[in-house]
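[1] Fold the following.
(4 chains)
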2 protein chains.
Amino acid sequence: MGLTKTENFTEEQNELADIARVLAHPARIAIIQYILKIKQCIGGEIVEEIPLAQPTISRHLKELKNIGVIQGTVEGKSVCYCVDHNRWNDIKGVFNKFFETK
Amino acid sequence: MGLTKTENFTEEQNELADIARVLAHPARIAIIQYILKIKQCIGGEIVEEIPLAQPTISRHLKELKNIGVIQGTVEGKSVCYCVDHNRWNDIKGVFNKFFETK
DNA sequence: AAATTTTATTGTATTATTGCAATAATACAA
DNA sequence: TTGTATTATTGCAATAATACAATAAAATTT
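    The predicted model follows:
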């Protein structure tokens, strides 16, 4: 059917799967790493850094914003992106908990 | 196109994305957690535990085997599944490295 | 050998994802 | 206001993923 039966699983399992889905693309990994490295940047820099078309980057940024791992602030014509470190730590915690499953 | 341009990204980025893709389904999370909890079990037990049809479970198990996080050993009519703890630790390491990005 | 049990594979339908081109939207500059 | 720069959205095509029914495959049991 192509439709995940989320209702059969716990909130935690769905949350982890949702985050993992967003991390499941190398461009999105690369975007996170780039922003972490240079602390903050405008969208155009990401488009220059990642060899994909601007609309495609825009979609990936949207997915990353959806799970809150990055945030974009409009600054004139540009949008300044940075990692939300609180959310980043939350996500770390979600994975750590999973990996420490006893 | 629906076709990820993996050639544009590093091996590390692709590896992390590949693992994340496999974790990006709550049933696969649930399967890993279940096997970790009871140490080992046969396929039929997983089919009873997870409310999805047997062929669907079989596909999820195949994905998990593909990244090596679980292994299945044929035992008579059944297949005994367990987590490959070496690979499990590798995967932990891949995520830890990512989350420690400075 | 025939029936049974257990798991894997195939076929099919449906939905999701990825990517780019074209275009829209927004803000600043001239 | 017109133009320019930057980012977001839409439309479309191609591919991937999810799920179940049906069936196949392999080993055990009767």
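[2] got the contact list for stretch A:88-102?
    With contact meaning CB atoms under 8 Å, 6 or more residues apart in numbering or on different chains, stretch A:88-102 is reached by A:12, A:15-16, A:19, A:67, A:69, B:29, B:32-33, B:36-37, B:88, B:91-92, B:95, B:99. C-beta coordinates here come from the backbone N, C-alpha and C atoms, glycine included.
[3] Going by neighbour count, which residues in it are buried?
    Residues of stretch A:88-102 classed as buried by neighbour count (16 or more other CB atoms under 10 Å in any protein chain shown): A:88, A:91, A:94-95, A:98.
[4] Filter those down to just the ones in helices.
    A:88, A:91, A:94-95, A:98 (DSSP state H).
[5] export those to a markdown table and tack on pLDDT?
    Below are those laid out as a markdown table (pLDDT from 0 to 100):
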| residue | pLDDT |
| --- | --- |
| A:88 | 98 |
| A:91 | 98 |
| A:94 | 98 |
| A:95 | 98 |
| A:98 | 98 |
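[6] residues touching residue A:72, list them.
    Contacts of residue A:72 (CB under 8 Å, 6+ apart): A:43, A:61, A:65, A:79-81.
[7] looking at the sheet around it, what are its partners?
    Applying DSSP bridges to residue A:72 gives these bridge partners: residue A:81.
[8] Looking at the contacts of stretch A:88-102, which is nearest DNA strand D?
    residue B:29 (10.9 Å; CB to the nearest atom of the strand).
[9] Quick one: classify the closest one as helix, strand or coil.
    helix (DSSP: H, G, I helix; E, B strand; the rest coil).
[10] distance of it from DNA strand C?
    15 Å (CB to the nearest atom of the strand, to the nearest Å).
[11] And residue A:31, by the same measure?
    Taken as CB to the nearest atom of the strand, the span from residue A:31 to DNA strand C is 11 Å.
[12] And for that residue, the neighbour number?
    For residue A:31, the neighbour count with other CB atoms under 10 Å in any protein chain shown is 25.
[13] Contact partners for it?
    Per CB under 8 Å, 6+ apart, neighbours of residue A:31: A:46, A:50, A:57, A:60-61, A:64, A:70.
[14] mind pulling up the phi and psi values for residue A:50?
    Main-chain dihedrals, residue A:50, degrees, to the nearest 10: phi -100, psi 130.
[15] could you point out where chain A is predicted with low confidence?
    For chain A, the stretches flagged by pLDDT under 70 are A:1-2, A:102.
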